[in-house]
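Undergrad: below are the sequence and a predicted model for it; my questions follow.
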Amino acid sequence: MEQPDGAALEGRVSKGLSAPVRDEIRDFAQQLGTQHDARAVLFYGSNLRSGSLEGVLDFYVLTDGPRERGLWPRVAYFEREHDDETLRAKVAVMRLSTFMHAAEGRHADTTIWARFVQPCALAWTADDMAAGQVAAAIEAACMTAARFAAALGPETGRERDYWQALFRATYRAELRVEKPGREQQILEFGAGHFDGLLPAAWKAAGIAFDRDDGVLRPHLMELERDALLRRWNSRRRMGKPLNIVRLLRAGTTFEGGARYLAWKVERHSGVVVPLTPFRERHPLLMSPVLVAGYLNARRKKAARQTDD
């Protein structure tokens, strides 16, 4: 039986946060960090994996101060010009103390630990202390995810079986439109990241387990498993309502949301939507204009194809 030990997880997280990031992305992260007087900026998502500058970059900007009450994070859309190319980013902003609290699983929301058990890179940091705090939060996210994976997964199975069970459950708990098998795609894209992560996180979380030719068996006492499942069920029930409230809030507080929506419409339909100051200030009211433009463009495209 393998016993608790946090060193392996610490090393894995340190290596992951040090993943190579393009200079253009680090410069963007530094701009965001300075602009928000932040402690650190995390970069994650598909562009981290691909190294591409196309589409929308995903950042989490972590600021100083006491833990927030109410809803978080604040979301904004930013653009940055680089060598005649427009870089675009969707940016979530929250306090580092809140991020840590959520990563430790002490909040009803599953978003932080479920997202940051996946690959992420530390694109900018104010100082070494901030870097250490971020690393500790990511380690906490891994341990939280691993605990729930032990409870939600099979009694015995391979590492992939536990991760699949966990991500399948988290997607069902969130208000997301994901294709079936999304959890498998996550594991395939992050194969190197997830290989060996679960045993390392179990050791750090104090969960003993057996390992025999790749087959794992976590040692959870019945009371411990039941407690984890009760915690999970409360989070599952709260997941979709929290997502709905966040969406409603984002409709009025998403800074740069009108530009983001206009760019999305132009990218997918070719329709250029002029932005007025009023539309910039009221992205929610602008939505019908964008939808109408998008549908009109689709009708025209379909008519041209019919004529051809």
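TA: Sure, I can see it. Numbering: from 1, shown residues only.

Undergrad: the longest strand in the chain is where?
TA: Taking DSSP state E as the criterion, the chain has its longest strand at strand 85-95.

Undergrad: what pLDDT does the residue positioned nearest the centre of the chain get?
TA: Geometric centre of the chain, nearest residue: residue 115, 3.7 Å, by Cα atoms, centre = their mean. If you check residue 115, the pLDDT there is 95.

Undergrad: swap in residue 1?
TA: pLDDT, residue 1: 68.

Undergrad: same deal with residue 107?
TA: pLDDT, residue 107: 89.

Undergrad: surely it meets residue 97?
TA: No - the criterion here is Cβ atoms under 8 Å, and residue 107 misses it with residue 97 at 12.0 Å. Where C-beta positions appear, they are placed from N, C-alpha and C, glycine not excepted.

Undergrad: how about the residue nearest to residue 117 when sequence neighbours are not counted, secondary structure?
TA: Distances taken as Cβ to Cβ, 6 or more residues apart in numbering put residue 145 closest to residue 117, at 3.9 Å, once the chain neighbours are dropped. Classification of residue 145 by DSSP: H, G, I helix; E, B strand; the rest coil places it in helix.

Undergrad: tally of neighbours for residue 145?
TA: Residues contacting residue 145 under the criterion other Cβ atoms under 10 Å number 28.

Undergrad: and what of the one 3 residues further on?
TA: By other Cβ under 10 Å, 25 other residues sit near residue 148.

Undergrad: after the host helix or strand of it comes which helix or strand?
TA: Here residue 148 is covered by helix 128-152, with elements defined by DSSP states H and E. Using DSSP H and E, the helix or strand that follows helix 128-152 in sequence is strand 157-158.

Undergrad: show me what that following strand is packed up against.
TA: Counting contacts by 3 or more Cβ pairs under 8 Å, 6 or more residues apart in numbering; DSSP states H and E, strand 157-158 is packed against strand 215-218.

Undergrad: could you give the angle of the helix or strand that comes right after the strand it packs on to helix 128-152?
TA: Using DSSP H and E, the helix or strand that follows strand 215-218 towards the C-terminus is helix 222-253. Helix 222-253 runs at 120 degrees relative to helix 128-152, counting by axes from the mean of the first three to the mean of the last three Cα atoms, to 10 degrees.

Undergrad: off-centre distance for helix 222-253?
TA: Averaging C-alpha positions (Cα atoms, centre = their mean, to the nearest Å) puts helix 222-253 15 Å from its chain's average.

Undergrad: same check on stretch 92-103?
TA: Using Cα atoms, centre = their mean, the distance between the centre of stretch 92-103 and that of its chain works out at 12 Å.

Undergrad: make 36 the first number, not 1, from now on.
TA: Will do, 36 is the new start, and the previous item becomes stretch 127-138.

Undergrad: alpha carbons only: can I get it in PDB?
TA: Taking Å, rounded to 0.1, in the frame of the first residue of the first chain, the C-alpha atoms of stretch 127-138 are listed here in PDB:
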ATOM      1  CA  ALA A 127     -11.300  36.200 -15.700                       C
ATOM      2  CA  VAL A 128     -10.400  38.300 -12.700                       C
ATOM      3  CA  MET A 129     -10.600  37.200  -9.100                       C
ATOM      4  CA  ARG A 130      -8.600  37.500  -5.900                       C
ATOM      5  CA  LEU A 131      -5.900  35.000  -5.200                       C
ATOM      6  CA  SER A 132      -7.300  34.300  -1.800                       C
ATOM      7  CA  THR A 133     -10.700  33.400  -3.300                       C
ATOM      8  CA  PHE A 134      -9.000  31.200  -5.900                       C
ATOM      9  CA  MET A 135      -7.200  29.300  -3.200                       C
ATOM     10  CA  HIS A 136     -10.400  28.900  -1.200                       C
ATOM     11  CA  ALA A 137     -12.200  27.500  -4.300                       C
ATOM     12  CA  ALA A 138      -9.300  25.300  -5.300                       C
END
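
Undergrad: who's in contact with residue 147?
TA: 134, 137-138, 176 (Cβ atoms under 8 Å, 6 or more residues apart in numbering).

Undergrad: for residue 128, see how far away it is.
TA: To residue 128, residue 147 is 13 Å away according to Cβ to Cβ, to the nearest Å.

Undergrad: what touches both of those two?
TA: Residues touching both residue 147 and residue 128 (Cβ under 8 Å, 6+ apart): none.

Undergrad: how many other residues sit next to the nearest residue to residue 155 once chain neighbours are set aside?
TA: In space, and not counting its chain neighbours, residue 155 is closest to residue 79: 4.0 Å by Cβ to Cβ, 6+ apart. Neighbour count for residue 79, taken as other Cβ under 10 Å: 19.
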